[in-house]
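Asker: Sequence first, then the predicted structure, then my questions.
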Amino acid sequence: PRTVYLKDYRKPDYLVDSTRLRFELEPNSTVVTSSLEIRRNPAAGEGLPPLRLDGVNLELVSVGIDGVALGVDEYTCHDEGLIIPVHRGAFTLEICNRIDPEGNTSLEGLYLSNGMYCTQCEAEGFRKITYYPDRPDVMSKFTTTIVAPRDYPVLLSNGNEIARGEIEGDRHFVTWEDPFAKPAYLFALVAGRLEKVEDQFTTMSGRKVTLQIFTEPKNIGKCEHAMHSLKAAMRWDEEVYGREYDLDIFMIVAVDHFNMGAMENKGLNIFNSACVLASPETATDAAFQRIESIVAHEYFHNWSGNRVTCRDWFQLSLKEGFTVFRDAEFSADMNSRAVKRIEDVSMLRTTQFAEDAGPMSHPVRPDSYMEISNFYTLTVYEKGAEVVRMIHTLLGEEGFRRGSDLYFERHDGCAVTCEDFVAAMEDANGVDLKQFRRWYSQAGTPLLEISDDYDSAGERYTLSVRQSCPATPGQPEKKPFHIPLKLGLLAGDGSELALDTDGTRETVLEITEAEQAFVFEGIPERPLPSLLRGFSAPVRVRYDYTPAQLRLLMRADSDAFNRWDAGQRLAFRALAQLQQDFRAGVELQLQPELMEAYRSILQQEDLDPALVAEMLTLPSAQTLAEEAEVIDAEAIIAARNFAEQNLAEALFEDLLETFRRLDHDKPYRPLADDIAERRLKNTALAYLCVTEKEEALQLADTQFASATNMTDSAAALAALVNRGDDQRAQAALQSFYERWKEDDQVVELWLAVQSSSPKRGSLEAVRALMAHPAFELTNPNRVRSVIGAFSNRNFLQFHQPDGSGFRFLAEQVIALDKLNPQIAARLVTPITRWKKYCQGQQEMMHAALQSVMDSGQLSADLYEVVSKSLK
Ligand code: HT7
Ligand code: ZN
C-alpha cells in the first residue's frame, strides 16, 4: 500500500455542485446510478486536467457526459477508480455501476446487517458505493432516490423526504433531498423492516424538529433513553455553544453490524445497537452513560464536523477532538463532573499514553498514513480533546466561547484545518498560540519533572519545572510545549493557601520553556503543591511526594480529581514495591499506609459515592503495564492480586457495612445519584467476593437472584464468575443465558464477562465461546466481546507464560482480515507492544506478530499496523 502525506495536499481539480443518486436495492446486485454536476475548481489552477474519481470493488456499467455515452476507450477504469479526460469547464457526468451489499463483510460502503441495508462512508467508504471524488473537501448537495421491494417499507437517506411512490411490480421508492452541501463521507442510506419512536424538539428560534429512532421491531422498547439523551444534547448545544439544529428532521437508526460506535451522517445518524439501545432490565449504568455521551457526540457533530468539516483526513482531530471535548463537557454537566474526568483520564493514561509510546505513535494531526481507518485513534480523539481542553483552560469559558463562535461563523459550510480552529481561537481573543500549535504536530507524552524550594525567612516558594518528551517514530527531537499547569498550594492542615495578595487559591502556570521556575511570594509555611489539577494537560508529572503528603492530598485537596490521583499514586508505589519483591522472591507484604488510606476513604460518607468507588479501585493491570519501564506480566498479576486480596480481607467489615448501607430496593433510574450508589455498592461487592468467603458469595447469589436492573445483575454475575467455585459460576452463567439469550446486547455482556474473567476466561474457555451459536466472526460486537475482551481485559489469561494467548490472537487476526480489515487492524494492537515486555514474553509476542506478517496477502489496514510494529 502507498503512503499519503499531509505535505502533498492539493486542492481538488473539480467541484461537484450537485449529486443525484438512484439506488435499486438487491442483496447481490444493487444498481447505483449517479448524475453529478461537475465544474473545474477555479482555485486549483489552469487547464482541464483529467477527472479522477475514486472507486473500489465496483462493477462499472456505463459512463456518460451530458447525455452522451462514453465508449470504453474514452476513459480508464482501474482498481482504485476511473480517469476521464475533460473537454469542458462544466458538465454533467452520469455513471451506472453495480455493487454486492450481501458480500460486503467489511462494513464499509453499502452492506446488509440482519437483512437491513445500511451504509458507512467515513472515511473512504463512499468509493465502495459509486465512483466519486471521495475526499472531504468536495462538498455537494445530494438528492437520493431509493428503490426497493415493498417488504422494505422504511427507506431513509439524508435531509428531507421530497417524494415517494409505488413502482410497477412489488417495488416502491422514496426520494430524499439534503439542502446542505456535504462531503460524501456524510452520505447515508438505510432500508429495512424497521419500527420507529418519534418525538419533537422545539429549537431556540421556535422551529419544530421531528426526532425519530428506528430499530428492528424487537428493540423498539429500548429507545427511550437515547431519545431523552438526544433532546438533552440539543438543548445543551443551544445553551452552551449557541448552536441550533438546522433540518426539520433528525433520525437515528440502530444496526447490529457496525465497526465503531456510531456515525454522524447528516440528519441520519447510524448507531451500533450497543450504543443506542437500553432498558433498565437489559443495560448497565455504564451502558446508559455511554449511550448518553455517544448520542450527544454524534449530534454535536452536526456543527463540529458537518457544518464545518475537515479539509483532508489529516485534520480528523479538528472534528473529533473538538467533539469529544464537547461530549465530555456535556456528560460532566449531566453527571458527576469529577467522576467523568477521572474515568476519561484513567482511560487516556492507560490506553492513549501506551499508544503514544508504541510503534503507531503519531501526532494529533498525523503527517502520513497508509490507511486512514487506522488513524481513528485514541490520540486523534482523546488526546485531541485534551488539546482543545487546554485551549479552554488557557482562554477561560468566555474566551473559548468567543473563539468557537468565530470558528463556526467564519467557516460555516467549509472544509477547514486544525490551523483554522486555532487561528479562530487566537483572533477572537487577541492571544498568540504559536507555540501551542506543537500539540498538533509533535507526538509523545511530555514529562514534567517538578521540584520545589521553600525559603521560610523570605516566605518565598519556588517551583521548578523541567519538561521533556520522548522520541517517537520519525520525531527524534521535540521542542518545548506550551503547557497549562493548574495548581493550588495546601497548608499542613489541608487548607488552601492564598497564592497572591488577592487571595487567589488556584492558578494556571503557563509552561513554555524546557526549564522554568515560578516564584510565589508571601507563603507563610512550606506548602504542599497540588499539581496538574483536573489533569490540565495530557502529560506525566514527576514530583517526589512522601506517602504522608499523598494521604493529605487524598483527604483534603479541594480538587476532587487530585484527591483520586493522590490515591492512585499511593497505590502505584505499593504495587511497584510488590512487583519488585515478587521478582526478588521476597515475601509480599502490603504497606499498612495503603490499607489505612483505603479504610479512611470508606469512612468518608460525605463524599460522592461514585468518587469513593473510583478511589477504592486499584489501578488496573493494564495501567500498571503502561506505567512500567519493562512489563513483567507475571509480577504485575501477582502484585495486584496480592494487594486486592489483602485490602479485601482487611476491610471486609467496612466493605460489608458499605454494601448493606447501599443495598436497598429502589426503582431503577439512570440518574447520577443512583448510579453513584450502585457503583459503590457493586465495587464493595466485588471486593467482598475477592475473599471468596461464603458470606460474600451469598450476597452475590442473592443479588443475582433478586436484581431488577442489569447493573446489579451483571455485577453479581461478574462477582460469581470471577470468584468462588465452578458450580456456582456455571449455574449463574447458565441461568443468565437462558433468561437473556434473545437479547443481543445482554448476550454480548454475557460473552464479555466470561472472556475477561481471569478465573473462567482461559484460552480453552474462549475457544469454546467462539464455538457457541452466539458467536459470529462477521459481527464486530461479538468479536470485541470475546476476542477483544480476552486480549485487552484479561491480563492474566492473555499473558499465559507459554505464549498461547499471543498465538491465538494472531490466528484470529489473520482470519478476520479476510472479512473485516478495520477490525483485524484494531484487534492486533496488544501484540504490537512487544518491545515493552520482558524478554521471554517479548520473543513470543514478536513471533506471533511475525506470523501475521508471513500469513500471506494482508489488507492495507493490517499491513500498516503490523509492518510498523515489527520495525
Ligand atoms: N465519525 C465517526 C467515525 C466512524 C468510522 C470511522 C472509520 C470506520 C467506521 C466508522 N464508523 C464511524 C464516528 C464518530 O467519531 O463520531
Ligand atoms: Zn466523532
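Answerer: In hand now; what should we look at? None of these values were measured; they are calculated from a predicted model. Numbering: from 1, shown residues only. Ligands and ions are numbered 1, 2, ... in the order given.
Asker: Confirm residue 73 sits in a strand?
Answerer: No. In this structure, residue 73 is helix, not part of a strand, as judged by DSSP: H, G, I helix; E, B strand; the rest coil.
Asker: What's the per-residue pLDDT of it here?
Answerer: At residue 73, the pLDDT value in this model is 98.
Asker: Which residues belonging to the worst-scoring helix or strand of the chain on mean pLDDT are considered buried?
Answerer: Using mean pLDDT, DSSP states H and E, helix 592-603 stands out as the lowest-scoring helix or strand of the chain, at a mean of 93. Of all the residues in helix 592-603, those buried under the rule 16 or more other CB atoms under 10 Å are 594, 595, 597, 598, 601, 602. C-beta coordinates here come from the backbone N, C-alpha and C atoms, glycine included.
Asker: In the protein, which residue sits nearest ligand 1?
Answerer: The chain approaches ligand 1 most closely through residue 260 (3.6 Å), counting by CB to the nearest ligand atom.
Asker: what residues are up against that residue?
Answerer: Contact analysis of residue 260 by CB atoms under 8 Å, 6 or more residues apart in numbering lists 272, 376.
Asker: any idea how far it lies from residue 822?
Answerer: Distance, residue 260 to residue 822, by CB to CB, to the nearest Å: 8 Å.
Asker: Kindly provide the distance from the residue lying closest to residue 261 once chain neighbours are set aside to residue 230.
Answerer: Take residue 261 and drop its neighbours on the chain: the residue closest to it by CB to CB, 6 or more residues apart in numbering is residue 275, 4.5 Å away. In this structure, residue 275 and residue 230 are separated by 13 Å, where distance is defined by CB to CB.
Asker: hmm, the longest helix seen in the chain touching ligand 1?
Answerer: Taking DSSP state H as the criterion, the chain has its longest helix at helix 384-411. No. Under the criterion of CB under 6 Å from any ligand atom, ligand 1 is not reached by helix 384-411; the shortest gap measures 10.7 Å.
Asker: Which neighbouring elements make contact with that helix?
Answerer: Counting contacts by 3 or more CB pairs under 8 Å, 6 or more residues apart in numbering; DSSP states H and E, helix 384-411 packs against helix 224-241, helix 316-334, helix 418-429, helix 438-441, strand 483-490, strand 507-511.
Asker: Please identify the most buried of those.
Answerer: helix 316-334 (a mean of 24; mean count of other CB atoms under 10 Å).
Asker: helices and strands around that one, which ones?
Answerer: Using 3+ CB pairs under 8 Å, 6+ apart as the contact criterion, the elements in contact with helix 316-334 are helix 224-241, helix 285-300, strand 309-310, helix 337-347, helix 384-411, helix 418-429.
Asker: Work out the gap between that helix and the centre of the chain.
Answerer: Between the centre of helix 316-334 and the centre of its chain there are 11 Å (CA atoms, centre = their mean, to the nearest Å).
Asker: So is that helix next to ligand 1?
Answerer: Yes. Contact of helix 316-334 with ligand 1 (CB under 6 Å from any ligand atom) involves residue 320.
Asker: Just the C-alpha atoms of that helix, please, in PDB.
Answerer: The C-alpha coordinates for helix 316-334 follow below in PDB (Å, rounded to 0.1, in the frame of the first residue of the first chain):
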ATOM      1  CA  LEU A 316      -9.600  14.500  11.600                       C
ATOM      2  CA  SER A 317      -9.000  15.800  15.100                       C
ATOM      3  CA  LEU A 318     -10.500  19.100  14.100                       C
ATOM      4  CA  LYS A 319     -13.900  17.500  14.300                       C
ATOM      5  CA  GLU A 320     -13.200  14.500  16.600                       C
ATOM      6  CA  GLY A 321     -11.000  16.200  19.300                       C
ATOM      7  CA  PHE A 322     -13.400  19.100  19.400                       C
ATOM      8  CA  THR A 323     -16.500  16.900  19.500                       C
ATOM      9  CA  VAL A 324     -15.100  14.600  22.200                       C
ATOM     10  CA  PHE A 325     -14.300  17.700  24.300                       C
ATOM     11  CA  ARG A 326     -17.900  18.800  23.700                       C
ATOM     12  CA  ASP A 327     -19.400  15.500  24.600                       C
ATOM     13  CA  ALA A 328     -17.200  15.200  27.700                       C
ATOM     14  CA  GLU A 329     -18.400  18.500  29.000                       C
ATOM     15  CA  PHE A 330     -22.000  17.600  28.300                       C
ATOM     16  CA  SER A 331     -21.600  14.300  30.200                       C
ATOM     17  CA  ALA A 332     -19.900  16.200  33.100                       C
ATOM     18  CA  ASP A 333     -22.800  18.600  33.200                       C
ATOM     19  CA  MET A 334     -25.300  15.800  33.200                       C
END
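Asker: Could you list the residues in contact with stretch 432-446?
Answerer: The contact list for stretch 432-446 (CB under 8 Å, 6+ apart) reads 317, 353, 356-357, 361-365, 367, 379, 387, 390-391, 394, 418-419, 422, 425-426, 467-473, 475, 478-483, 512, 537-540.
Asker: Show the buried residues in these.
Answerer: Of the members of the contacts of stretch 432-446, the ones counted as buried by neighbours, 16+ other CB under 10 Å, are 317, 353, 356-357, 361-365, 367, 379, 387, 390-391, 394, 418, 422, 425-426, 467, 469, 472, 475, 478, 480-483, 537-539.
Asker: Could you pull out the buried residues of stretch 100-116?
Answerer: Buried residues in stretch 100-116, defined by neighbour count with 16+ other CB under 10 Å: 100-101, 104-113, 116.
Asker: what's the neighbour count on whichever residue of the stretch 551-700 of the chain sits closest to ligand 2?
Answerer: Across the stretch 551-700 of the chain, no residue is closer to ligand 2 than residue 670, which sits at 22.7 Å (CB to the ion). One way to gauge burial is a neighbour count; for residue 670, by other CB atoms under 10 Å, it gives 23.
Asker: Would you confirm that it contacts residue 225?
Answerer: Yes. The pair residue 670 / residue 225 is scored as a contact, 6.4 Å apart, by CB atoms under 8 Å.
Asker: so what sits against both of these two?
Answerer: Listed as contacting both residue 670 and residue 225 by CB under 8 Å, 6+ apart are 278, 288.
Asker: Tell me what residue 97 is bridged to.
Answerer: Using DSSP bridges, the beta-bridge partners of residue 97 come out as residue 32, residue 60.
Asker: ok, so what distance separates it from ligand 2?
Answerer: The span separating residue 97 from ligand 2 equals 29 Å under the rule CB to the ion, to the nearest Å.
Asker: change the start of the numbering to 74 and stick with it
Answerer: That works, and once the first residue is 74, the last one we named lands at residue 170.
Asker: which SS state does residue 802 fall under?
Answerer: helix.
Asker: do residue 437 as well
Answerer: coil.
Asker: OK, contacts around it?
Answerer: Contacts for residue 437 (CB under 8 Å, 6+ apart) come out as 390, 394, 452, 453, 456, 457, 460, 491, 512, 513.
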